[in-house]
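Chemist: Attaching a predicted model along with its sequence, questions to come.
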Amino acid sequence: MKIWILGGDGFCGWPTALYLSDKGHDVTIIDNLIRRQTDVLLGVESLTPIKTITERLKIWKKVSGKKINYLNFNLAEEYQLLLDTLIKEKPDVIVHFAEQRSAPYSMKSASTKRYTVNNNISVTHNLLVALVESKLDSHIVHLGTMGVYGYGWSGKTAIPEGYLKVVLDNDQEKTKRDILYPANPGSVYHMTKTMDQLMFAFYAKNDGLRITDLHQGIVWGTQTQQTILDDGLVNRFDYDGDYGTVLNRFLMQAAIEYPLTVHGTGGQTRAFINIQDTVRCIELAILNPPTKYDRPVVFNQVTETFKVIDLAKLVSKLTGVKINLLENPRNEARENELIVENKKFMSLGLNPITLNDGLMTEIEKIAKKYSYRVDKNKILATSLWKSK
Ligand SMILES: NC(=O)c1ccc[n+]([C@@H]2O[C@H](COP(=O)([O-])OP(=O)(O)OC[C@H]3O[C@@H](n4cnc5c(N)ncnc54)[C@H](O)[C@@H]3O)[C@@H](O)[C@H]2O)c1
């Protein structure tokens, strides 16, 4: 298949592009490299030394014999170029990762809130409009987040995959409806993902666009079977207070014996998935598209849930590094439960990598190997949800 990877230079996009190219698909990455520029602005770098996109692609060609095409443009701002390229290239599938994805960054300032909304909403909407205009039937596979459901208000019933069965309360006939699960974002970033969902629902209903929305948990791990083939293909690993995801931060902190930074009580339960399962899920989603005028198909792309404090205890037990309880900069429940359905990917054959399988490898092969690159001044989270 001809597959576009929007945001294919990023943490999830790069290993996905390699995986799909390895499987024989004709892959094109579109990325304006804004993520690399944000690192420069924040004064941080990926823990792993990542090559430029041009070098990465050259190395992939050498190692695999396969070519990945690359286009650099801003999907939020260069609509005409997007439309013209779509009409010329006619991709079968478009995997959409190209959004500002850090909740702390989105809450940093008025400027980062506005950037996150303008960028994320415009990329998604431009893509939808361009598909309608071009009259193409490309399948969109979008990376959403578990955070659209909100944390701490779902009760003891498992969160279903996207839709909730309700009976309208004021209705004498007690009409049954299947509605999008009520959105409850916890940051401006998460808010943009809930807005993406509404745009998908509209364009699927109005124009018959075929859309799969993957509500992904927090991704951990770094390497995949393809990124490991050469040091120059290594995936990025963010550990800083804005872009570092919680478990990868613990792994890096353990590697340099820095007390593990737990916010509040650590009683927040979150959903997780290994990066190798992310790429496999995307393949499964591509192979199981909706048909025209179906409502968007939603998968919960998660494999395990943990309380943050339990993760910290696990890493602490494995490495002997202590835990440091810090004030929570976020506006969130002190504790929450999280029960999530993930039957769809499991029934399609996903065989997940669990934390117990992969943690030590990550610490030894990535966090310790590159620990000389850590800037300790960038570890603490500084973005506040509310001004003091
Ligand atoms: N990393 C996670 O733990 C996680 C969890 C749940 C969901 N997701 C979702 O998966 C997607 C990818 O996440 P990631 O961790 O790979 O993020 P990332 O920041 O590493 O990658 C996103 C890529 O998109 C590009 N991009 C952003 N805006 C663009 C634009 N306007 N035009 C062209 N390119 C643009 C960036 O340069 C970057 O390379 C995001 O949508 C994110 O919300 C990620």
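Modeler: Thanks, I have it. Residues are numbered from 1 along each chain as shown.
Chemist: and the closest residue to the ligand within the chain, what pLDDT?
Modeler: Here the chain gets closest to the ligand at one residue, Gly10, 2.0 Å apart by Cβ to the nearest ligand atom. All C-beta spots, glycine's among them, are computed from the backbone N, C-alpha and C. Looking at Gly10, its pLDDT reads 98.
Chemist: now swap in Leu338 and tell me
Modeler: For Leu338, pLDDT reads 87.
Chemist: Would you map the helices across the stretch 201-350 of the chain?
Modeler: 246-255, 275-287, 308-319, 343-347 (DSSP state H, counting those that start in this stretch).
Chemist: The stretch 51-200 of the chain against the ligand: which residues are in contact?
Modeler: For the stretch 51-200 of the chain, the residues in contact with the ligand (Cβ under 6 Å from any ligand atom) are Asn74, Leu75, Ala76, Phe97, Ala98, Glu99, Arg101, Asn119, Val123, Leu143, Thr145.
Chemist: Bridged to Ile218, which residues?
Modeler: Phe272 (DSSP bridges).
Chemist: ok, now which ones touch it?
Modeler: For Ile218, the contact set (Cβ atoms under 8 Å, 6 or more residues apart in numbering) comprises Met146, Thr245, Val246, Leu247, Arg270, Ala271, Phe272, Ile273.
Chemist: can you list the residues that contact the worst-scoring helix or strand of the chain on mean pLDDT?
Modeler: None of the helices or strands of the chain scores lower by mean pLDDT, DSSP states H and E than helix 355-362, at a mean of 82. Residues outside helix 355-362 that contact it (Cβ under 8 Å, 6+ apart): 220-222, 247-248, 251, 272, 274, 304, 306, 311, 314-315, 318.
Chemist: just the CA coordinates of it, formatted as CSV?
Modeler: Provided in CSV are the C-alpha atoms of helix 355-362 (Å, rounded to 0.1, in the frame of the first residue of the first chain):
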residue,chain,number,x,y,z
LEU,A,355,6.5,-4.0,31.6
ASN,A,356,8.0,-6.9,33.3
ASP,A,357,9.4,-8.2,30.0
GLY,A,358,11.1,-5.0,28.9
LEU,A,359,12.0,-2.7,31.7
MET,A,360,15.5,-3.9,32.5
THR,A,361,16.5,-4.0,28.8
GLU,A,362,15.4,-0.4,28.5
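Chemist: and that helix with helix 275-287, angle?
Modeler: Angle between the axes of helix 355-362 and helix 275-287 is 120 degrees (criterion: axes from the mean of the first three to the mean of the last three Cα atoms, to 10 degrees).
Chemist: Can you tell me how far the nearest residue to Lys90 once chain neighbours are set aside is from Ala333?
Modeler: Spatial nearest neighbour of Lys90, excluding adjacent residues (Cβ to Cβ, 6 or more residues apart in numbering): Leu136 at 6.1 Å. Per Cβ to Cβ, to the nearest Å, Leu136 is found 43 Å from Ala333.
Chemist: thinking Arg295 is in contact with Phe202, fair?
Modeler: No: taking Cβ atoms under 8 Å as the definition, Arg295 is not a contact partner of Phe202, at 10.6 Å.
Chemist: all strands of this protein, in order?
Modeler: Using DSSP state E, the strands assigned to the chain run over residues 2-6, 26-30, 69-71, 93-96, 139-145, 163-167, 176-180, 210-216, 218-220, 260-263, 269-274, 297-301, 304-307, 323-326.
Chemist: Let's have those in TSV, adding mean pLDDT.
Modeler: Formatted as TSV, the strands of the chain follow (pLDDT from 0 to 100):
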stretch	mean pLDDT
strand 2-6	98
strand 26-30	98
strand 69-71	98
strand 93-96	98
strand 139-145	98
strand 163-167	94
strand 176-180	94
strand 210-216	98
strand 218-220	94
strand 260-263	94
strand 269-274	94
strand 297-301	98
strand 304-307	94
strand 323-326	91
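Chemist: Reformat those as CSV; add distance to Thr291.
Modeler: Converted to CSV, the strands of the chain look like this (distance: least, Cβ to Cβ, whole Å):
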stretch, distance to Thr291
strand 2-6, 19
strand 26-30, 23
strand 69-71, 28
strand 93-96, 15
strand 139-145, 10
strand 163-167, 17
strand 176-180, 17
strand 210-216, 7
strand 218-220, 29
strand 260-263, 44
strand 269-274, 27
strand 297-301, 10
strand 304-307, 32
strand 323-326, 49
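Chemist: Return the residues in contact with the residue nearest to Lys90.
Modeler: Contacts of Leu136 (Cβ under 8 Å, 6+ apart): Leu86, Ile87, Lys90, Pro91.
Chemist: ok, these vs Tyr70, which is closest?
Modeler: Pro91 (14.2 Å; Cβ to Cβ).
Chemist: now that closest one: how far from Asn126?
Modeler: 15 Å.
Chemist: can you check Gly320 too?
Modeler: From Gly320 over to Asn126 (counting by Cβ to Cβ), the distance is 50 Å.
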